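Peer 1: Structure for the following, please:
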Amino acid sequence: MCGVARVCSSRLRSSVPAALAVAALVGLPTSGRAAERPKLPARTLRGPAAQLNQYPTLGLATGAQRAASERLLADMRRAARPWRNPAAARAAGFDLRTARRRPGDRSVGILHAEHRPYRNDDHYLDPTRPETLVYVNAPGRPLTLIGVMFSMPRGGRGPNPGGPITRWHTHLVCMVGNKRGLSPRADGSCPAGAVKRQGSEMLHVWFTRDLRSAFAIHAPYPELCRVGLIPATACGSQHEHHG
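Peer 2: All right, here's what the predicted structure looks like:
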């Protein structure tokens, strides 16, 4: 059975979801073309990440939608406890191979640890089967779990039990036919033969202390810093541009 916080639907078999990017926490740009695009209305349930407001407007949700969001967050916190230990996450099937650091690398970044079988099942928005775990990867300290990411098959529309709180977003990816999408190059271009388009729908749940930032579109750096999930050396005004 699938309740509010465990929403299941039939499998959409037409495609493979888009790839995940590993983004650096230090030195993220605070402006650019994405920032210039007009924002979509706060009631919007899905859309390009660059056009959605960073934080949901809680006042737009009904009492039932807010309660559903709170249950989803609580269920996700509970289910994710074992995965705070990277060894346990690895044993559960999450891919942490990209956590290895090159000699001399002192950067602080975000690691998306994907679970391939969960990405190919028919459980969507299931706290016990998230498609991806999100960790902070910092030098000299263990991986720190900061959230999870749910994702849909290409063309699928994610469920919105929390209404305007549980919003789904997409990113531009470079695609060749029906192959898995890849992040564009640093200059925003795609390799020859690839076409840029919006990838699969995603929804993040962040382990902050408040409902608003827990359902932010991008990593909510001020709130994650406030609870100590991001190293103090990587916290600062340059990461507060989403606020």
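Peer 1: Can you give me the end-to-end span of stretch 218-232?
Peer 2: Using CA to CA, to the nearest Å, the span of stretch 218-232 from its first residue to its last is 19 Å.
Peer 1: Mind checking what helix or strand follows the lengthiest strand in the chain in sequence?
Peer 2: In the chain, assigned by DSSP state E, the strand with the most residues is strand 144-151. On the C-terminal side of strand 144-151, the closest following helix or strand by DSSP states H and E is strand 168-170.
Peer 1: Tell me which other helices or strands whichever helix or strand comes after that next one touches.
Peer 2: Counting by DSSP H and E, the next helix or strand C-terminal to strand 168-170 is strand 172-175. Counting contacts by 3 or more CB pairs under 8 Å, 6 or more residues apart in numbering; DSSP states H and E, strand 172-175 packs against strand 195-198. Where C-beta positions appear, they are placed from N, C-alpha and C, glycine not excepted.
Peer 1: before we move on, the earlier item: which strands border the longest strand of the chain, and is each parallel or antiparallel?
Peer 2: strand 132-137 (antiparallel), strand 202-206 (antiparallel) (DSSP bridges).
Peer 1: Let's have the ones you listed in CSV, adding mean neighbour count.
Peer 2: Output for those, formatted as CSV (neighbours: other CB atoms under 10 Å):
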stretch, mean neighbour count
strand 132-137, 23
strand 202-206, 23
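Peer 1: The ones you listed: which one's closest to Arg154?
Peer 2: strand 202-206 (11.8 Å; CB to CB).
Peer 1: what is the mean pLDDT for that closest one?
Peer 2: Across strand 202-206, pLDDT averages out at 97.
Peer 1: Figure out how far it is from the centre of its chain.
Peer 2: Relative to the chain's own centre, strand 202-206 is displaced by 4 Å; criterion: CA atoms, centre = their mean, to the nearest Å.
Peer 1: re the thing from before, what would the strands paired with strand 144-151 look like in CSV with distance to Ala92?
Peer 2: CSV is the format used below for those (distance: least, CB to CB, whole Å):
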stretch, distance to Ala92
strand 132-137, 9
strand 202-206, 17
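Peer 1: what are the ranges of the helices in the chain?
Peer 2: 33-36, 63-80, 86-91, 116-119, 211-214, 221-226 (DSSP state H).
Peer 1: which one of those helices has the lowest average pLDDT?
Peer 2: helix 33-36 (a mean of 49).
Peer 1: quick one: Ala89 and Ala113 touch, right?
Peer 2: Yes: counting by CB atoms under 8 Å, Ala89 does reach Ala113; the two are 6.3 Å apart.
Peer 1: got any residues that touch both of the two?
Peer 2: Both Ala89 and Ala113 are contacted by Leu96, Leu133, under the criterion CB atoms under 8 Å, 6 or more residues apart in numbering.
Peer 1: With neighbour numbers in mind, choose between these two.
Peer 2: Ala113 (27 against 21; other CB atoms under 10 Å).
Peer 1: Out of the helices of the chain, which gets nearest to Pro153?
Peer 2: Of all the helices of the chain, helix 116-119 comes closest under CB to CB, at 8.3 Å.
Peer 1: where does the protein have low pLDDT?
Peer 2: Along the chain, the parts satisfying pLDDT under 70 run over 1-36, 181, 237-243.
Peer 1: Try it again at 50.
Peer 2: Across the chain, the ranges flagged by pLDDT under 50 are 1-35, 237-243.
Peer 1: okay, now Arg102: neighbour count?
Peer 2: 6.
Peer 1: Please report how far it lies from Met152.
Peer 2: Distance of Arg102 to Met152, computed by CB to CB, to the nearest Å: 33 Å.
Peer 1: now swap in Thr132 and tell me
Peer 2: 12 Å.
Peer 1: Surely Leu125 and Pro159 touch.
Peer 2: Yes: with contacts counted by CB under 8 Å, Leu125 reaches Pro159, the gap being 5.5 Å.
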